[in-house]
Structure formats: C-alpha cells, structure tokens
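need a 3D model of the following:
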Amino acid sequence: MFEAIQKYAQANPEVVINYQHYQNSFCVVLITPFMFRAHKALKEAGEVVFVDATSCVDQLNTAITPFMCTGPGGAVPLAILLTSSQDEATLTKG
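The predicted structure is shown next:
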C-alpha cells in the first residue's frame, strides 16, 4: 500500500500526502490543492470542522475520515484521513 501511496505522490506533486506506519497501524493524510485553498480562503476552516468516519472499506478494514467545513456552496473538504483503525491509540499517534 505504501508503495502505491509513494507512486501517487510522485505522479501528483501538488497533492500533500503524509503518512506514518508503526507496528501494525498506519495513518495517512491527504490534502488536495482545492482543500489547501479552502484552508486559506475560508475563515470557517479554522473555526468549525465536521468529521465523519466510515470504516471497513477494504480488506485491511481501513477507516476513511473526511474533515469538512461549511462554505458558501455547502460542505467543503479540508482533508482526508485514512487509518488502520479508529481506536484512540491509532488516532492520537497519527
């Protein structure tokens, strides 16, 4: 999986991808150029952030957690977090 992430990051240098891998856990954050602009342009991005987690989306039971804020047209994505689980240890370590 991390080889695919590195390959994607090399092919898309404008996308911010950070990841940590430790023991059997991982945490990956993805920020696209649109998301980065939202951080800079919308004051709401620094005030109220909505979080919703979906888990078990693949064979590794990866949890996908989008971070969003409100904008003039509705919800605006700020980042996407992919984790190996939703337990406290994984989320705080990542």
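
ok, residues contacting stretch 86-94?
Stretch 86-94 is contacted by residues 20, 22, 25-27, 29, 53, 55, 63, 65, 81, 83-84 when judged by CB atoms under 8 Å, 6 or more residues apart in numbering. Where C-beta positions appear, they are placed from N, C-alpha and C, glycine not excepted.

in CSV, list the C-alpha atoms belonging to the helix or strand of the chain with the lowest mean pLDDT.
Lowest on mean pLDDT, DSSP states H and E among the helices and strands of the chain sits helix 88-93, with a mean of 70. Written as CSV, here are the backbone C-alpha positions of helix 88-93 (Å, rounded to 0.1, in the frame of the first residue of the first chain):
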residue,chain,number,x,y,z
GLU,A,88,-7.6,6.1,20.3
ALA,A,89,-4.0,4.9,20.1
THR,A,90,-4.0,5.0,16.3
LEU,A,91,-5.8,8.4,16.1
THR,A,92,-3.5,10.1,18.6
LYS,A,93,-0.3,8.5,17.3
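
rewinding a little: so of the contacts of stretch 86-94, which ones are in strands?
Taking DSSP state E, the ones among those that sit in strands are 20, 22, 25-27, 29, 63, 65, 81, 83.
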